[in-house]
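Peer 1: Compute the structure for the input listed below.
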Amino acid sequence: MHLDQRWIGGAPRALLPNSWRWPFVVAFLFIATAAHAGPRVAVTIKPLHSLVSAVMTGVAKPHLIVRGAGSPHAYALKPSDAAALNAADIVFWVGPELETFLIKPLAGLDGKTRAVALMKAPGVDILETRMGLDWSGAGQPRANAAHAAHDHPAQNDDPAHAHLHGDDPHVWLDPRNAAAMANAVAGRLAEIDPSNAALYAENRDRLVQSLAALETRLAERLAPVRGKPFLVYHDAYAYFERRFGLQATAAISRTEGRAPGARRVARLRRLITEKDIRCVFVEPQFEPRLARVIIEGTKARLAELDPLAAARPAGPDLYVELVEAMAGAMLGCLGQD
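Peer 2: Model prediction:
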């Protein structure tokens, strides 16, 4: 048996037969690569995952928790998700106002895992959840100054800490909020992975520029349908409406996942006629049968909006695709008259 006298990683190759040499080298390189891998990151929903993925481009890929058409309010964690949470250095979520399923799992993690509620990031404007049947004049932005971005050990995120003050948690549907969240993501990643801080900042800057261009582009596209009334399935679109000058009149369901009673259905039918509403937007997460009943005999038609981009492949491009698709759906329905 021929023995090579050269060294591998500090060990003399004289101890290694030629047939063993390549497996040893591969294992050595794997260990070296793992030692320099990026941080382990978990993200709850696709729109946030897209923003985090864009900031982490060239470093690592974050783990997505809520997949498919699952609701972030009542999602059931899979074993792979629980494992990803346990292994994560940092978890990005909107906050307890949205991902209620995650409050207890985060509370059970050790103190090394940080949970960052991006709804509380600096620069994110918060809208109050709209009340009543007719929303005319509602949904004005409320400053988030009292909630400086705070990341903290995950065990602090318990139900008592989940201060639900009627804030609308669908913050990502405003591109300016998305830019603020991207900035917070880059900052938090730089804190736990300073060796890649420059790359995070570069990726963030590129993403923020893309979001600004997206806002300009959609503002021009949606201008023809500003002021036209419409119904939504539930109150998820106020941020998008506020940014682009749109105004929903009411929601079919006051609470996500809970069907309205007969009295509300009758009032919605009257509202469609009184306001000459031509579009009722449903969501793929919910059965549209009730919406069909509400528009029956009226001039209104159904169209679909998906604030979670359930059918789209996850990745750094998803956020822009999501917002573009929402604008296209609104323009396609509201622009028919």
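
Peer 1: Can you give the domain ranges for the chain?
Peer 2: 1-36, 41-216, 223-334 (automatic domain parsing).

Peer 1: Lowest average confidence across the ones you listed, which one?
Peer 2: The minimum mean pLDDT among the domains of the chain belongs to domain 1-36 (a mean of 40).

Peer 1: May I see the domains of the chain arranged in TSV, with mean neighbour count as well?
Peer 2: Backbone N, C-alpha and C define where each C-beta goes, glycine included. Listed next are the domains of the chain as TSV, based on neighbours: other Cβ atoms under 10 Å:
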stretch	mean neighbour count
domain 1-36	11
domain 41-216	19
domain 223-334	17
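
Peer 1: Need the single longest helix in the protein, by residues.
Peer 2: Using DSSP state H, we find that the single longest helix of the chain is helix 197-222.

Peer 1: Tell me which other helices or strands that helix touches.
Peer 2: helix 46-55, helix 175-192, helix 238-244, helix 318-334 (3 or more Cβ pairs under 8 Å, 6 or more residues apart in numbering; DSSP states H and E).

Peer 1: And the next helix or strand past the third one?
Peer 2: Just to be clear, that refers to helix 238-244. strand 250-251 (DSSP states H and E).

Peer 1: strand partners of that next one, parallel vs antiparallel please.
Peer 2: In the sheet, strand 250-251 lines up against strand 231-232 (parallel) (DSSP bridges).

Peer 1: contacts for the strand it pairs with?
Peer 2: The contact list for strand 231-232 (Cβ atoms under 8 Å, 6 or more residues apart in numbering) reads 248-252, 268, 271-272, 277, 279-281, 294, 300, 305.

Peer 1: try 10 Å
Peer 2: By Cβ atoms under 10 Å, 6 or more residues apart in numbering, the list of residues contacting strand 231-232 from outside reads 135, 238, 241, 248-253, 268, 271-272, 275, 277-283, 291, 294-295, 300, 302, 305, 307.

Peer 1: what's in contact with stretch 198-211?
Peer 2: Residues contacting stretch 198-211 (Cβ under 10 Å, 6+ apart): 38, 50-51, 53-59, 174-180, 182-190, 193-194, 196, 316-317, 319-320, 323.

Peer 1: quick one: it to chain centroid distance?
Peer 2: With Cα atoms, centre = their mean, to the nearest Å as the basis, stretch 198-211 stands 18 Å off its chain's centre.

Peer 1: Sort out which of the contacts of strand 231-232 are in helices and list them.
Peer 2: 238, 241, 268, 271-272, 291, 294-295.

Peer 1: Run through the residues that contact the residue nearest to Pro288 when sequence neighbours are not counted.
Peer 2: Ranked by Cβ to Cβ, 6 or more residues apart in numbering and with sequence neighbours excluded, the top spatial neighbour of Pro288 is Val282, at 4.3 Å. Residues in contact with Val282 (Cβ under 10 Å, 6+ apart) are 231-234, 252, 288-292, 302-306.
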